[in-house]
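Trainee: Just need the structure, nothing else, for what follows:
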Amino acid sequence: MNKTHFCIILLLIFANSISQAQKKTQSTALYSRIDSYLTAGTENGFSGAISVVKNGEVIINKGYGEANKGTKTLNNPNTIFDIGSNTKQFTSTAILKLVELRKLKLKDPLSKFFKNLPIEKQSITIHQLLTHTAGFSESIGRDYSGFGKLSKISEKDFFDKLFASKLLSEPGEKYSYSNVGYSTLGRIIELASGQPYEAFLNEHLFTPAGMLQTGYLLPKWDIKQMAHGYNRNIMETESTITYYQEAGGVNWHLKGNGGINSTQNDMLLWHKALKTNIILKPESFEKLSTPYPYTSSPKSTSSYGYGWGVKMFENNIKRISHNGSNGTFMHTLIWYPKEDIYITYATNANSAKVEGIAYVVAKIILDESYVPEPIKNNVYSFAMDYIKQHSTDKSKELLTLLQENYADNITDSRLLNSFGNLLIGRLNENLDWALELFKINVQQYPEDGNLWDSLGDGYKANNLKEDAIKSYQKAIELGYKDSLEKLTELIKG
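Mentor: Below is the predicted model of the structure:
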């Protein structure tokens with residue numbers, strides 16, 4: 001090796017060292033911006049976890065707040081969250097896996113899998129189910145409010161009701177987000193594979209990806225890592241896994257379209273498995289993220305792939321993403337394939353103030369100059385903190401604070417009425433405050449029969465029978481007929 005070649009090698013090594021140092025500095029700075037934003041948010045009730053991968057490097061993978069306030073267990077990358085409708089991409093991936101296994105085709109009609117279908121549903125294809133263009137409505141309901149006992153609806157009753165329901169539109173004509181459509185896909189997975197839905201996912205998706213803490217019932221769950229839910233940071237519930245275990249299974253209102261639980265670390269493994277084609281061939285993955293427009297309009301930039309929402313931005317930037325929520329748990333996945341950015345976000349204390357955090361983090365990553373607004377306490381948590389510290393004679397001060405800090409939330413009677421009903425219903429505490437809020441509402445909107453009905457509920461909860469009767473009577477006078485049954489029961493009782 002001559003002197004010139006040696007110098008060139010040294011220069012290359014030096015340049016590479018500088019490049020690596022610059023990347024490390026940039027990654028550290030990005031970590032700091034994200035972490036500072038979320039850490040500050042914990043002071044206002046933020047609780048959850050974030051993971052970011054950029055150019056193959058894990059920038060941040062961290063939990064914030066508490067997974068279980070009772071045991072003081074902190075959220076971390078192994079905390080188990082309900083991922084809601086992000087279950088759909090597991091269903092769509094399983095369908096494409098069955099296509100690779102030559103068990104079915106995307107153009108296969110429902111009539112291939114289900115007998116005695118009404119004529120208008122026989123030609124609905126798997127592709128239409130995947131893209132929410134089958135025309136199904138949610139008329140048979142989810143029968144699953146997120147928490148509490150799962151209904152005992154049978155498989156037969158579920159699909160009988162579904163296939164007897166009226167379509168919203170002709171198959172293939174319009175986009176209409178459909179949970180029951182993905183439940184139907186879940187059943188097709190079973191019929192085509194000969195395996196239960198979760199068993200197929202576990203064998204062909206989760207196990208190859210190394211995801212050991214993802215599913216409904218099959219994983220050997222780490223009980224200590226199961227997050228409790230804190231709806232709007234005021235209503236505590238157990239992990240949804242607990243309800244599946246109590247019910248002995250997951251019914252078709254949920255199976256295939258929602259309710260799977262997972263961890264941040266497992267969702268990073270999921271990203272790696274899709275990116276490196278561990279589960280699907282490249283052409284199959286392409287189908288997952290191919291945009292199928294919501295409408296035929298040439299101006300449409302939003303569309304749906306197979307289990308992913310797809311949006312095209314300027315400069316041909318493509319974002320595939322999806323959200324999932326049952327009201328208490330919220331889960332978001334965002335992936336910019338070309339830019340090699342992947343974000344997975346989960347919270348166990350959802351509210352309007354935190355459900356969009358993943359998109360804020362995406363802006364932080366994409367724009368070095370972007371300074372996000374601080375995470376704000378949600379209005380219900382704010383009000384709850386106040387009433388725990390003050391007696392009802394301070395109600396006017398609370399109203400002033402709400403108007404100053406949450407003007408958009410208190411434009412009509414709904415907030416106070418909803419919060420009062422939570423106090424006497426789900427929470428069953430601070431009943432004197434519930435009554436006070438109902439009184440304020442009636443003073444502001446005296447001609448609203450529904451508010452007089454709530455006031456009656458408030459009096460009843462506080463064992464003030466005569467006042468409750470008068471309130472229900474007033475509600476009936478104002479045309480609110482639902483008070484009649486309450487009034488009758490109260491008088492008889």
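Trainee: Tell me the helix or strand right after the lowest-mean-pLDDT helix or strand in the chain.
Mentor: Within the chain, no helix or strand scores below helix 3-41, which has a mean of 74 by mean pLDDT, DSSP states H and E. Following helix 3-41 in sequence order, the next helix or strand is strand 48-54 (DSSP states H and E).
Trainee: residues making contact with that following strand?
Mentor: 27, 30, 34, 38, 58-65, 75-77, 79, 81, 264-265, 267-268, 271, 330, 339-349, 354, 357-358, 361, 365 (CB atoms under 8 Å, 6 or more residues apart in numbering). Where you see a C-beta, it was placed from the backbone N, CA and C, and this is true even at glycine.
Trainee: Could you list the paired strands of that strand along with their orientation?
Mentor: Partners of strand 48-54 in the sheet, by DSSP bridges, are strand 57-64 (antiparallel), strand 341-347 (antiparallel).
Trainee: center of this protein - which residue?
Mentor: Ser325 (1.9 Å; CA atoms, centre = their mean).
Trainee: Which pLDDT does the model give it?
Mentor: Ser325 is assigned 96 on the pLDDT scale.
Trainee: and it, what are its bridge partners?
Mentor: Met330.
Trainee: low-scoring pLDDT stretches of the protein, where are they?
Mentor: The model of the chain has pLDDT under 70 over residues 1-25, 139-149, 294-302.
Trainee: Wait, Tyr445 touches Ser413, no?
Mentor: Yes: at 4.9 Å, Tyr445 and Ser413 qualify as touching, with contact defined as CB atoms under 8 Å.
Trainee: what's the overlap in contacts for the two?
Mentor: Common neighbours of Tyr445 and Ser413 (CB under 8 Å, 6+ apart) are Leu451.
Trainee: distance of the residue lying closest to Ile469 once chain neighbours are set aside from Asn428?
Mentor: Distance criterion CB to CB, 6 or more residues apart in numbering; nearest residue to Ile469, sequence neighbours excluded, is Leu490 at 5.9 Å. To Asn428, Leu490 is 19 Å away according to CB to CB, to the nearest Å.
Trainee: do the same with Leu422
Mentor: Distance of Leu422 to Asn428, computed by CB to CB: 10 Å.
Trainee: neighbour-wise, which of these two wins?
Mentor: When Leu422 is set against Asn428 and neighbours are counted by other CB atoms under 10 Å, the residue ahead is Leu422, at 21 against 11.
Trainee: tell me the SS of the more buried one?
Mentor: On the three-state scheme (DSSP: H, G, I helix; E, B strand; the rest coil), Leu422 is labelled helix.
Trainee: right, and it touches Met235 too?
Mentor: Yes: under the criterion of CB under 8 Å, Leu422 makes contact with Met235 at 7.3 Å.
Trainee: And the strands in the protein, which stretches?
Mentor: Taking DSSP state E as the test, the strands found in the chain are 48-54, 57-64, 66-68, 73-74, 81-82, 229-231, 235-237, 261-262, 292-293, 302-304, 309-312, 318-325, 330-336, 341-347.
Trainee: coming back round to it: list buried residues within the contacts of strand 48-54.
Mentor: 27, 30, 34, 38, 59-65, 75-77, 79, 81, 264-265, 267-268, 271, 330, 341-349, 354, 357-358, 361, 365 (16 or more other CB atoms under 10 Å).
Trainee: Pull the number of nearby residues for Asn463.
Mentor: Neighbour tally, Asn463, other CB under 10 Å: 9.
Trainee: what's it sitting at in phi/psi?
Mentor: According to degrees, to the nearest 10, the main-chain angles of Asn463 amount to phi 60, psi 40.
Trainee: wouldn't Glu339 be in contact with Ile317 here?
Mentor: Yes: counting by CB under 8 Å, Glu339 touches Ile317, with 7.2 Å between them.
Trainee: Domains in the protein, by residue range?
Mentor: 81-366, 379-492 (automatic domain parsing).
Trainee: ends of the first one, how far apart?
Mentor: For domain 81-366, the separation between the terminal residues is 27 Å (CA to CA, to the nearest Å).
Trainee: Please apply the same query to stretch 311-319.
Mentor: 5 Å.
Trainee: And it, what's buried?
Mentor: Quick answer for stretch 311-319 (16+ other CB under 10 Å): Arg319.
Trainee: between the strands of the chain, which gets nearest to Ile124?
Mentor: Closest to Ile124 of the strands of the chain is strand 292-293 (CB to CB; 15.3 Å).
Trainee: which neighbours does that closest one have in its sheet, and in what orientation?
Mentor: Strand 292-293 is paired, per DSSP bridges, with strand 302-304 (antiparallel).
Trainee: Now distance to Glu404 too, for the strands of the chain, in JSON lines please.
Mentor: As requested, these are exported to JSON lines (distance: least, CB to CB, whole Å):
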{"stretch": "strand 48-54", "distance to Glu404": "28"}
{"stretch": "strand 57-64", "distance to Glu404": "27"}
{"stretch": "strand 66-68", "distance to Glu404": "29"}
{"stretch": "strand 73-74", "distance to Glu404": "33"}
{"stretch": "strand 81-82", "distance to Glu404": "34"}
{"stretch": "strand 229-231", "distance to Glu404": "25"}
{"stretch": "strand 235-237", "distance to Glu404": "25"}
{"stretch": "strand 261-262", "distance to Glu404": "39"}
{"stretch": "strand 292-293", "distance to Glu404": "44"}
{"stretch": "strand 302-304", "distance to Glu404": "36"}
{"stretch": "strand 309-312", "distance to Glu404": "36"}
{"stretch": "strand 318-325", "distance to Glu404": "29"}
{"stretch": "strand 330-336", "distance to Glu404": "27"}
{"stretch": "strand 341-347", "distance to Glu404": "26"}
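Trainee: quick one, which of those is nearest to Ala164?
Mentor: strand 302-304 (26.0 Å).
Trainee: what sits against the nearest residue to Gln444 once chain neighbours are set aside?
Mentor: Spatial nearest neighbour of Gln444, chain neighbours left out: Ser413 (6.8 Å); criterion: CB to CB, 6+ apart. If a contact means CB under 8 Å, 6+ apart, then Ser413 has Asn441, Gln444, Tyr445, Asp448, Leu451 as its contacts.
Trainee: Can you say which of these are buried?
Mentor: Buried among the contacts of Ser413 (16+ other CB under 10 Å): Asn441, Asp448, Leu451.
Trainee: ok, of those, which one's closest to Gly194?
Mentor: Leu451 (56.4 Å).
Trainee: ok, that closest one - contacts?
Mentor: Ser413, Asn417, Phe438, Asn441, Val442, Tyr445.
Trainee: and of the strands of the chain, who's closest to Trp221?
Mentor: Of all the strands of the chain, strand 261-262 comes closest under CB to CB, at 7.9 Å.
Trainee: my read: Ile241 touches Ile80, true?
Mentor: Yes: using CB under 8 Å, Ile241 is in contact with Ile80, at 7.1 Å.
Trainee: where do the contact lists of these two overlap?
Mentor: Contacts common to Ile241 and Ile80, judged by CB under 8 Å, 6+ apart, are Trp221, Met226, Asn261.
Trainee: Sounds good, over and out.
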